[in-house]
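Enquirer: Dropping the sequence and predicted coords here.
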Amino acid sequence: MRTSLVELWQYRELLYNLTVRDLKVRYKNSVLGIAWSLLNPILMMLVFTVVYTVMLGQSNRRDYAAFILCGLLPWNFFSGSIMGGVGSVVNNGYLIKKVYFPRAVLPISIMLSNLVNFLVALPVYFVLAWLLGVQFTPYVLFLPVVLLVEMIFIQGVSLLLAALNVFYRDVQQIMEVLILAWFFVTPVIWDVNLLPESRTVLGLDVPVQRLTYILNPMASIVATYRDLLYHGRSIGWDFFLRTALTALIVLLIGFFVFNRLKGRFAEEV
């Protein structure tokens, strides 16, 4: 693993170029260009705000738009990186067949381009939240820590799925369905505190809220973003540290599988 990391560092210029290329291709022939990284979450925020506050009347929060956007930004970073990362190796088959380079730079560059979109859109949240009266606290300084954990988790999942997609092209199709389901079971547009502490299922007492955090690392990550940026309170360190450990394990698994299979990429793509 150390050798692979050193090699990635040696190819950092290629990583930079691929990241820039992905951004250029994404917004090619677009009038607004990278401004779409701002408009996309804002438009989604407006839709969910209208549906939940005006049409359904499910929330009386005056700052509901900030509540929604706080969850959408990290989710969009995650989903965009995963869906782009899944096909990153297959979509660059012509490069893999022509020249040698660390194959891992392909899914990593996808994550970095989505990171740029996230960082560009983040100031919009701060402005909107301030206008809506959200009070920021010093806990917001923990934001880079949460972002780092999310990046580790994203990269682990991306490496694993990108490798599997080379041999089983159904992976990308399946992920299009799973990512939508994953969105609705993650507290992006709803508050995790609405979940009951426990519920009786088939005579068994099931800790619903606890299992949501344990089985879905993104639930813990999004809830942590919301704690820092919206509620202005401390991180729930018990679940967050477990999530960080889970993210690291996922990264190691993804890195291991990717390295074991990368030698066969050229003949499969």
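Expert: Yep, that arrived. All of these numbers come straight from a predicted model, not from anything done at the bench.

Enquirer: contacts for stretch 257-265?
Expert: 1, 4, 89, 96, 103-104, 159-160, 162-164, 166-167 (Cβ atoms under 8 Å, 6 or more residues apart in numbering). The C-beta positions use only the backbone N, C-alpha and C, and glycine is treated the same way.

Enquirer: should've said stretch 151-164
Expert: When contacts are defined by Cβ under 8 Å, 6+ apart, stretch 151-164 is touched by residues 77-78, 81-82, 85-89, 104, 106-108, 110-111, 115, 171, 175, 217-218, 221, 243-244, 246-255, 257-258, 261-262.

Enquirer: Identify all contacting residues around stretch 88-100.
Expert: Under Cβ under 8 Å, 6+ apart, the answer for stretch 88-100 is 101, 103, 106-107, 109-110, 158, 162-163, 165-166, 169, 172, 265-266, 269.

Enquirer: are any of these buried, and which?
Expert: 101, 103, 106-107, 109-110, 158, 162-163, 165-166, 172, 265, 269 (16 or more other Cβ atoms under 10 Å).

Enquirer: Out of these, name the ones that lie in helices.
Expert: Per DSSP state H, helices hold the following members of the buried ones among the contacts of stretch 88-100: 106-107, 109-110, 158, 162-163, 165-166, 172, 265.

Enquirer: Just give me the residue right at the centre of the chain.
Expert: Centroid-nearest residue in the chain: residue 78, 1.3 Å away (criterion: Cα atoms, centre = their mean).

Enquirer: Now do the contacts for it.
Expert: Shown in contact with residue 78 (Cβ under 8 Å, 6+ apart): 150, 153-154, 218, 221.

Enquirer: want to throw those residues into JSON lines with neighbour count?
Expert: Formatted as JSON lines, those follow (neighbours: other Cβ atoms under 10 Å):
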{"residue": "150", "neighbour count": "27"}
{"residue": "153", "neighbour count": "26"}
{"residue": "154", "neighbour count": "29"}
{"residue": "218", "neighbour count": "22"}
{"residue": "221", "neighbour count": "26"}
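
Enquirer: and of the residues you listed, the nearest to residue 212?
Expert: Closest approach between the contacts of residue 78 and residue 212, by Cβ to Cβ: residue 218, at 10.2 Å.

Enquirer: And the pLDDT at the closest one?
Expert: With respect to pLDDT, residue 218 has a value of 93.

Enquirer: re earlier: for ChimeraX, write a command that selects the buried ones of the contacts of stretch 151-164.
Expert: Those of these that count as buried under 16+ other Cβ under 10 Å are selected in ChimeraX with:
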select :77,78,81,82,85,86,87,88,89,104,106,107,108,110,111,115,171,175,217,218,221,243,244,246,247,250,251,254,255,257,258,261,262
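
Enquirer: from the contacts of residue 78, which ones fall inside helices?
Expert: Within the contacts of residue 78, residues falling in helices by DSSP H are 150, 153-154, 218, 221.

Enquirer: What segments of the stretch 51-200 of the chain are helices?
Expert: Ranges of helices within the stretch 51-200 of the chain are 64-86, 88-91, 93-98, 105-131, 143-167, 170-184, based on DSSP state H, counting those that start in this stretch.

Enquirer: any low-confidence regions in this protein?
Expert: Low-confidence segments of the chain, defined by pLDDT under 70: 1, 27-37, 56-61.

Enquirer: In this protein, which residue sits furthest out from the middle?
Expert: Relative to the centre of the chain, the most outlying C-alpha is that of residue 203, 35.8 Å out, by Cα atoms, centre = their mean.

Enquirer: Nice, that's everything, thank you.
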